[in-house]
Each structure stands twice: as structure tokens, then as C-alpha cells.
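> The following block contains a protein sequence and its predicted model.
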Amino acid sequence: MKCRISSSINNFEDKINKRYGMEKWHWLKDRNKSTYFFGLYHIGDYLRFLWHKGKKKVIWCGSDILNLRDNKIWQKVIHWRKAEHLCENEVEAVLLRSMGINAKVQPLCFDDPKQFELSYKQSDQPHVFVCCHPGSEEQYGVNMIEGIAWATPLITYHIYGIKKEIWYYKNDPSKLYNLDNIPENVIYHGKVSNERFNEEIKDYQAGLRLNDFDGFAEVLAKSVLMGQWPISRISYPFISYAKDITALIALLNDLHNKKEPNLEGRKYWLNEFNKPL
């Protein structure tokens, strides 16, 4: 099998290649060979999908579905082009079906799931972790976290991927020099290496994913594999579902009562992630 990864997710390229052991697709030499297309985000991805004549399977990743939603012409092109489609949850599948694309649901983990050993320990003052990309603070729930921090005083929030100065400068330049407004239980770590991230989150109690439209996030995957009690705004088995802000606050305030690791969740997701692609 060949593998073609969208430039929009090239930060995952090494992980995908290592995880699945597929060779990189060449637009000319591999035009007739069976190929996995990871992500169809932009016109370059669409044209390569159209150019390819061999058997193909599309792995939809999240925001690429939202991009396609706004492009009626390419919806029709992709619908009529013979291919298999895969997405990571029912929320994505429903939107794809509305565009005439039937996709099988299979959550994925691009890291080797075996590397995340059981490490959960209960804490009376739980720590949760969140990942965010610069410029996407609202989408990833950063403002929501700062808004509920006062209502969840036992929780310490660890936000990775952005610096607090960048977030405040984008939303209110006056706060760039007045960082005292950040709740004391919210910590911004900025960008860190994958190795450091994986090491630090071992000591936390939950991964938190607040996107209301999303693929299956590695935050949830890593958290549940370590026996933690992750929380998501999209429903998944053995992962706490926060349907609204009230439910989210309640789930966070209940984390200190999780005396034992999430063994059923770890077992279920290890099995899911080891299924053939």
C-alpha cells in the first residue's frame, strides 16, 4: 500500500509512516497502485485524489470535512469518484453522509498505543491537559477553560501548544502586559517536544477535548490508554461526555472521586487501535 498525506497534517507524517509502515505515494509512479489518502484539505489534495486511478481509501481527519462542506462542486466530484472512506466518529460520518459520502467509522491513534502504559493515580487536586494551535483558541476551548476555572477550583489546567501572551494579545492587546487576569489554576506551557509532552501527561488525571467537531484526538487516545478519565464534547465509549457547560463543570469537579484507573476504557481502546486500518 502507498500513503499520501495532506500537507495540512504533515506534522503527523512521521507518526503515520512509522505506525502503518506504508511507502510514500508518488504522483506518477504510483498512479495505479492502492493508496491511502490521509486528509483531503485543499485543492492540491483534491486534484491528486482525482488524478489517482488505482484503488484508494480516504482517511478523513476533521476540519477537512468542514472545508469540503463549503465546496459543493468538489462534494460532487468526490462523491462520484470510486473510493472507500473512513472517518473517526459518528459526528463526522453524519456530515459526510449529508454530502453524499458514506464513511466507515474507525477512531485512529497515530502513535504506537503500546508505548502508553497504565500510569493513573487518583488526586484530590486533579490535573487535566489540553492541546491547542495558535489562532484556534476559541475552537479548542481556551476561552471556555478560563471562563470555568473559578467554578472548578480543585482542577489545574495545563494548556499545551500556545503561550498565554499570544492568546491575550489576539483577544485584548491591553492584557499583553497585564497577565494577572489569567486564573491561577490555568498554566500555559507553549510548544514542547512530543517526548516531553508524553512524559508530563503521565502524572495528570484527564485529557480534555472541547472541540465540538473533531477527529478522534490524540489527547483522548493518550489519556485513556494511560488509564485516565478523559472528557470530550463528542461521545465515545468509556470517555466522559460533556454535552454542555454544566455537564463539563460537573465532570471536572468529580474527577477527584475517580479512585481507580479507567481499566475498561484502556482495554477497549487498546483493542480498537490495534484493528487493521
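Yes, it's here. Residues are numbered from 1 along each chain as shown.
> now the strand or helix carrying K57, how far from the chain's geometric center?
For K57, the element it lies in under DSSP states H and E is strand 56-59. Mean-position distance between strand 56-59 and its chain equals 19 Å (CA atoms, centre = their mean, to the nearest Å).
> Run me through the strand neighbours of that strand, direction for each.
Looking at strand 56-59 with DSSP bridges, its partner strands are strand 35-38 (parallel), strand 84-87 (parallel).
> winner for burial among those?
Burial of the strands paired with strand 56-59 is given as mean neighbour count (mean count of other CB atoms under 10 Å); strand 35-38 ranks first at a mean of 24. To be clear about C-beta, it is placed using only N, CA and C from the backbone, and glycine gets the same treatment.
> Residues contacting that one, please?
Under the criterion CB atoms under 8 Å, 6 or more residues apart in numbering, residues 1-6, 9, 12, 16, 20, 22, 25, 45, 48-49, 52, 54-59, 61, 277 lie in contact with strand 35-38.
> Same question for stretch 229-247.
Contacts of stretch 229-247 (CB under 8 Å, 6+ apart): 89-91, 107, 120, 128, 144, 148, 205-214, 216-217, 219-220, 223-224, 248, 251-252, 255, 258, 262, 264-265, 268-269.
> What count of nearby residues applies to the closest residue to L248 other than its chain neighbours?
Excluding the flanking residues, the one nearest L248 by CB to CB, 6 or more residues apart in numbering is A242, at 3.8 Å. Neighbourhood size, A242 [other CB atoms under 10 Å]: 20.
> What's the separation between A242 and K191?
A242 sits 26 Å away from K191, taking CB to CB, to the nearest Å as the criterion.
> try L95
The gap separating L95 from K191 is 30 Å, by CB to CB.
> So those two - more neighbours on which side?
Counted by other CB under 10 Å, L95 and K191 do not tie: L95 has more neighbours, with 18 against 12.
> what helix or strand is that one on?
helix 90-98.
> Can you give the distance of that helix from its chain's centre?
With CA atoms, centre = their mean, you get 17 Å for helix 90-98.
> which residues sit against whatever helix or strand comes next after it?
Once the chain leaves helix 90-98, the next helix or strand it forms, by DSSP H and E, is strand 104-105. Here strand 104-105 makes contact (CB under 8 Å, 6+ apart) with 84-90, 92-93.
> mind redoing it with 6 Å?
With contact meaning CB atoms under 6 Å, 6 or more residues apart in numbering, strand 104-105 is reached by 86, 93.
> again with stretch 135-147
Residues contacting stretch 135-147 (CB under 6 Å, 6+ apart): 132, 157, 167, 183, 186, 210.
> how about the strands in the protein?
2-5, 23-24, 35-38, 56-59, 84-87, 104-105, 127-131, 156-160, 186-190, 206-209, 231-232, 240-241 (DSSP state E).
> TSV for the ones you listed, including mean pLDDT and distance to N67?
Formatted as TSV, those follow (pLDDT from 0 to 100; distance: least, CB to CB, whole Å):
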stretch	mean pLDDT	distance to N67
strand 2-5	95	16
strand 23-24	92	23
strand 35-38	97	14
strand 56-59	96	13
strand 84-87	97	14
strand 104-105	97	20
strand 127-131	97	21
strand 156-160	97	25
strand 186-190	93	28
strand 206-209	98	20
strand 231-232	98	22
strand 240-241	97	26
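> Could you say which of those strands is packed most deeply?
strand 206-209 (a mean of 27).
> May I have the strands that pair with it, each with its orientation?
strand 127-131 (parallel), strand 231-232 (parallel).
> That concludes my questions; thank you for your assistance.
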